[in-house]
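Engineer: based on what follows, work out the 3D shape:
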Amino acid sequence: MTFNQITVVGTGLIGGSFALAVKQRQLARKVIGCDREPVLARALEIGAVDAGEVRPEKAVEGSDLVLLATPVGAIIEFIERLGPVLPPGALLTDVGSTKAEIIRRAKMVFGNATESRFLPGHPMAGREHGGIEQADARLFEGAAWILTQPVLAGPHEQFRKLVEAVGARAVVMHPERHDRLCAWISHLPQLISTAVAAGLLEEFGSTASLDGVGGQALREITRTASSPYSIWRDIAYTNAPNIEEALLKLEQRLAHIRENLKTPELRAEFERANLFKKD
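Structural biologist: Numbering: from 1, shown residues only. Prediction:
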């Protein structure tokens, strides 16, 4: 048994899936969920948690691992709120899609003990729709779970083993590289999907007008367009420089394509892109 008691703050898609995976694999003696009452009722119903508590300070009592699975802004608030009341020796971790601001705030709370008390993380898993209704114990299977701090002996190493036990691959990465990489492989694709869907709506009206016409390419590029702004607001705010850089470079490349629709350079651009998928 890795941990005696785990508290998951935020039992939506990611937190609920993590709790469900831990429960089904019997990786902790007890799992406590912390969220709104209706969400906790559903988490209890599907067997994701053993008990629910709406008060975060109460929910972390007796836990040796606390996972913050909320939007980035709330993660920052919970670090400030829960850091001072965590049980001695308890490890705090998170699932935030950006890391620099989260780590900065953790250092303000934990000071010199930051590395031992807080392990920043980010599972590269998710779906376009969130909520406890979408929770799946298999969500993390085969996914990378990025840890943006060296894994120390003790609770850190225990958590790494827990990550692997739920099917993920633990990957250690510097936080600055994480934020720049995610700007390109996660944040930029989301904004492209959002822009294309918004553009289609403006040009053609409701999606009903495209029924029976749009193919797989349309479905793929707009798949995440329904992702909620409440999640992406905090990501955009806390990783703005990296996202701005990615958007600018994409704008320049699109402009290059637009200017070369009738020249051999378009073929060259396709050939460059084809290399990306090759081993």
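
Engineer: in the lowest-mean-pLDDT helix or strand in the chain, what counts as buried?
Structural biologist: When the helices and strands of the chain are scored by mean pLDDT, DSSP states H and E, helix 216-221 comes last with a mean of 85. Residues of helix 216-221 classed as buried by neighbour count (16 or more other C-beta atoms under 10 Å): residue 221. Quick note: C-beta positions are derived from backbone N, CA and C, even for glycine.

Engineer: start at 48, not 1
Structural biologist: Shifting the count to begin at 48 puts that one at helix 263-268.

Engineer: which strands or helices does that helix pack on?
Structural biologist: For helix 263-268, the packing partners by 3 or more C-beta pairs under 8 Å, 6 or more residues apart in numbering; DSSP states H and E come out as helix 235-251.

Engineer: hmm, who's touching the helix it packs on?
Structural biologist: Identification of contacts with helix 235-251 by C-beta atoms under 8 Å, 6 or more residues apart in numbering yields 254, 257, 268-272, 274, 279, 290, 293-294, 297.

Engineer: now do stretch 220-239: distance to the chain's middle.
Structural biologist: Stretch 220-239 has its average C-alpha position 11 Å from the chain's average C-alpha position, going by C-alpha atoms, centre = their mean, to the nearest Å.

Engineer: and residue 223, which helix or strand is it part of?
Structural biologist: Take DSSP states H and E as the rule and residue 223 turns out to sit in helix 222-229.

Engineer: who are the packing partners of that helix?
Structural biologist: helix 147-157, helix 287-306.

Engineer: state the distance from the closest residue to residue 101 other than its chain neighbours to residue 52.
Structural biologist: Excluding its sequence neighbours, the residue lying closest to residue 101 (C-beta to C-beta, 6 or more residues apart in numbering) is residue 84, at 6.0 Å. Counting by C-beta to C-beta, to the nearest Å, the separation of residue 84 from residue 52 is 21 Å.

Engineer: where in the stretch 198-326 of the chain is pLDDT low?
Structural biologist: In the predicted model of the stretch 198-326 of the chain, residues 253-259, 261, 325-326 satisfy pLDDT under 70.
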